[in-house]
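**Q** next come a sequence and a model predicted from it.
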Amino acid sequence: MKTCFLFPGQGAQHPGMAKDIYDTSQEARNLFDLASEACRTDMKKLLFESDEAVLKETRNTQIALALAEEAAALCAREHGLIPSGFAGFSVGEWPALAEAQVISRFDMFRLVAERGRLMDEAGRRSGGSSMSAVLYLAPEKIDRAITEAGLGQVWVANYNSPVQCVISGTESELATAEEVLKAAGAKRVIRLKVSGAFHSPIMAPAAEAFAELVAAVSFSDPKATLFSNVTGGKILTGAEAKRLAVAQITSPVRWIDEERNIALEGFDRCVETGPGTVLAGLWKAFGSSIPCLAGGTLNDISSMTL
C-alpha cells in the first residue's frame, strides 16, 4: 500500500511517549543516544521522567516530539511498513525532512532543539502574545472578520480543517479578535496555553536567528514525496526545503491545502507516526475517503496490515 507518514505538532506530547518503542528496539535506543548527543541533553530523561509542565515548555516540547516521532517512524520501518511520502504539522515537518533524507537525523535533532529554544525566547520577549483555537467558522470568514475589524496584530496561524483554525497575536488584539469571531459565528474560541504567537510575524526574531543556523547545514533534494506547511504543496529541491524551513516559523500552517495535495498524490493511507490522533481527527474533518491510522505506539504499528 502506498503510505504517507504524518508527524504531529505541539500539543500531541505526553510524558512517557515512545517508551514502548525504546524498550523493545535497540535501534530506537541508538536514536535516543544520537538525539542526546546532538542536543547535549539527556533525551531519555526528558521524555520518560519529565512531568507534563516541563514537557509543555516549547524548548522541550519540540525536540521531545521530534524524537518520539522519529522513533515511531523507525519502529514502523522495522515492522516492514515502508512509506513513500511524508508531511508534518509545524515541528512535525522536521522528522518528515529527515525521513525524506533532506537532512541527517543528527542535524534534524540539533536544529529542532535550537528552533524550540528560539521560538520560546521570541514568545517570552514579545511583551505578551498567544494563540486561540477558532471552532466551526470557515477559514475564509475568519480571515475576513479579522481584516474588517482592522486587527493588524492578529493572524491565522494554522488552517487546520474546514471547521477549525488557530489564530496568533498580541494579547490585547487577540482578546478583541476572540469577541469579533464569536460575533461572526464561531461556536467556540478557546485561548491556548502556549508561550507565544507561533506561525506569525511575532516570531520574526526567532526566524532571523534560525536562518543563520540553517545556512550552515546541507539540505539535499527529497528522496521521497515531501509536503510543505508554507505552500501546502510538494517540496522539490533541497534549496527550497532550506528556504521553507525558515519561512515556516513566521508563516501559517496551510494544513488543509497540504491534506488536499496528499489526497491527490494517490496514497492508499496515511499513518500518524507520533503520539496521539490529532492529525487523524483533522484528516477526518477534511473529509477524504483515504484512511488515516494511528501509528505512534508499538501496538498501533504491530497491529497494522502491511
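**A** Thanks, I have it. Numbers count the residues shown, from 1 in each chain.
**Q** domain assignment for this structure?
**A** Per automatic domain parsing, the domain ranges recorded for the chain read 3-124+201-302, 129-191.
**Q** please identify the deepest-packed of the ones you listed.
**A** The highest average neighbour count among those, using mean count of other CB atoms under 10 Å, belongs to domain 3-124+201-302 at a mean of 20. No exception for glycine: its C-beta is placed from N, CA and C like everyone else's.
**Q** between the two ends of it, what distance do you get?
**A** Using CA to CA, to the nearest Å, the end-to-end distance of domain 3-124+201-302 comes to 16 Å.
**Q** please renumber so the chain begins at 11
**A** Okay, residue one is now 11; in that scheme the one you just asked about reads as domain 13-134+211-312.
**Q** what about the helices in this protein?
**A** Here the chain has its helices, by DSSP state H, at 29-34, 36-49, 53-59, 62-66, 68-88, 103-109, 115-134, 149-158, 181-193, 214-225, 248-257, 265-274, 288-296, 308-312.
**Q** for residue 14, which of those is the nearest?
**A** Judged by CB to CB, the one of those that comes nearest to residue 14 is helix 265-274, at 5.6 Å.
**Q** helices or strands next to the closest one in the packing?
**A** Taking 3 or more CB pairs under 8 Å, 6 or more residues apart in numbering; DSSP states H and E as the contact definition, the neighbouring helices and strands of helix 265-274 are strand 95-98, strand 164-171, helix 288-296.
**Q** what residue ranges in the protein score low on pLDDT?
**A** Counting by pLDDT under 70, the chain contains low-confidence residues at 315-316.
**Q** contact partners for residue 239?
**A** With CB atoms under 8 Å, 6 or more residues apart in numbering as the criterion, the residues that contact residue 239 are 98, 99, 100, 103, 254, 258, 261, 263, 264, 265, 268.
**Q** I'd say the fifth one and residue 242 touch.
**A** No. Look at residue 254 against residue 242 with CB atoms under 8 Å: they stay out of range, at 11.1 Å.
**Q** residue 190 against residue 154, yeah?
**A** No. Distance between residue 190 and residue 154: 10.5 Å, which falls outside the contact criterion (CB under 8 Å).
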